[in-house]
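Engineer: here is my input; please provide its structure:
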Amino acid sequence: MRITIRRWYVFLVVVALGIAAALVTTSGVKPQYSAAMDAFVNAPPSRSSAPTGSVENSGGVGFAGSLEERAMDADASRAQIHKLGLLPTYKVSWTRAKLVLSVSVTGPTPDLARRTVEEVVAMANRHLVAHQASAGVADPGAQYSIMPAAEGANLSPAQYPGRSRQRIVIGVVALAAAVGLAVALDGLVAARRRAAAGGTRRPDSPPDAGSPRSPLVLEPDPLAAPLYGRDASERAIPGHETAAVNEDTVTIRTGGRLGAGPVPPDLDRSGRPR
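Structural biologist: Have a look, this model is predicted:
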């Protein structure tokens with residue numbers, strides 16, 4: 001969180017790009033409109049005149065509602081709706097507790113959805129009247145009918161299925177990318193600063209061999225003998241160091257300058273111990 005706050009400009013840029021990508025990606029989602037309509041089974045005004053074999057004697061309102069639920073849910077009814085240029089994907093259900101036949105559908109336009117549910121209710125009424133006529137109940141006063149509960153269908157606002165889910169997924173990815181890029185940029189800037197300050201070495205680590213600050217590199221001694229002379233006798237012996245002082249050459253055994261060994265005596269110019 002501290003790194004993200006420090007690199008807030010990277011975080012905001014990536015989040016803004018993610019929002020723009022979400023809007024562009026989900027702009028192609030087409031709206032869907034839902035329409036619903038309820039209908040009641042209207043009982044005949046005179047039940048005493050209904051002959052034997054009518055819908056009333058077969059179960060009355062409940063029978064009529066369940067009959068039309070099965071009839072409108074059949075493939076033949078859906079095919080007929082499709083031939084009219086309407087939506088065959090409607091849903092129909094009969095609620096016995098409320099004695100209501102409900103029809104609903106979702107379509108690309110509100111007008112198409114509205115005309116579909118209204119046509120299904122009208123088809124259910126025609127089917128119920130025809131069924132009673134085939135059973136010998138031809139008198140309209142003795143027939144059951146299906147009447148809409150309202151003059152028109154109930155339309156819902158436009159819905160965009162899947163758009164919210166896509167935007168959430170893109171938003172989560174954008175947030176993760178913003179945090180990751182902020183951390184990566186912070187690490188890159190820190191590495192460049194360390195390199196510009198003299199390397200990526202930690203302050204408490206020993207200097208590398210060959211570094212200008214390394215104590216392991218010996219400065220040349222103008223009074224010392226060359227490491228490689230003209231013959232083998234003039235070469236430095238490993239473990240010893242030779243120096244010339246006022247035409248007198250004194251060899252001091254050090255046992256390795258850099259390693260552990262005895263401390264050499266302190267000599268004066270003539271070679272005598274002080």
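
Engineer: now the helices for the stretch 101-250 of the chain?
Structural biologist: With DSSP state H, counting those that start in this stretch, the ranges of helices along the stretch 101-250 of the chain come out as 110-134, 163-196.

Engineer: show me which positions of the longest one end up buried.
Structural biologist: By that I understand helix 163-196. Residues 163, 167, 170, 174, 178, 179, 181, 182, 186 are the ones in helix 163-196 that count as buried (16 or more other Cβ atoms under 10 Å). In short, each C-beta sits where N, CA and C put it, glycine included.

Engineer: for those residues, which one is nearest residue 21?
Structural biologist: Nearest to residue 21 out of these is residue 170 (Cβ to Cβ; 5.9 Å).

Engineer: have a look at the protein and report the helix or strand with the lowest mean pLDDT.
Structural biologist: The helix or strand of the chain with the poorest confidence is strand 240-245; it has a mean of 48 (mean pLDDT, DSSP states H and E).

Engineer: residue boundaries of the strands in this structure?
Structural biologist: Taking DSSP state E, the strands of the chain run over residues 33-42, 91-95, 100-107, 145-148, 154-155, 240-245, 248-253.

Engineer: worst average pLDDT in these?
Structural biologist: Note on the strands of the chain: strand 240-245 shows the lowest mean pLDDT, a mean of 48.

Engineer: thinking again about what came up before, redo the helices of the stretch 101-250 of the chain as a markdown table? Include distance to residue 28.
Structural biologist: Output for the helices of the stretch 101-250 of the chain, formatted as a markdown table (distance: least, Cβ to Cβ, whole Å):
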| stretch | distance to residue 28 |
| --- | --- |
| helix 110-134 | 20 |
| helix 163-196 | 10 |
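
Engineer: and of the ones you listed, who's closest to residue 271?
Structural biologist: Residue 271 lies closest, by Cβ to Cβ, to one member of those: helix 163-196, at 51.3 Å.

Engineer: name the helices or strands packed onto the closest one?
Structural biologist: helix 2-6, helix 8-26 (3 or more Cβ pairs under 8 Å, 6 or more residues apart in numbering; DSSP states H and E).

Engineer: now do the most centrally placed residue in the chain, the pLDDT please.
Structural biologist: Ranked by distance to the mean C-alpha position of the chain (Cα atoms, centre = their mean), the top residue is residue 169 at 2.9 Å. Looking at residue 169, its pLDDT is 90.

Engineer: residue 103 touches residue 115, doesn't it?
Structural biologist: No. Applying Cβ atoms under 8 Å as the test, residue 103 and residue 115 come out as separate, 11.9 Å apart.
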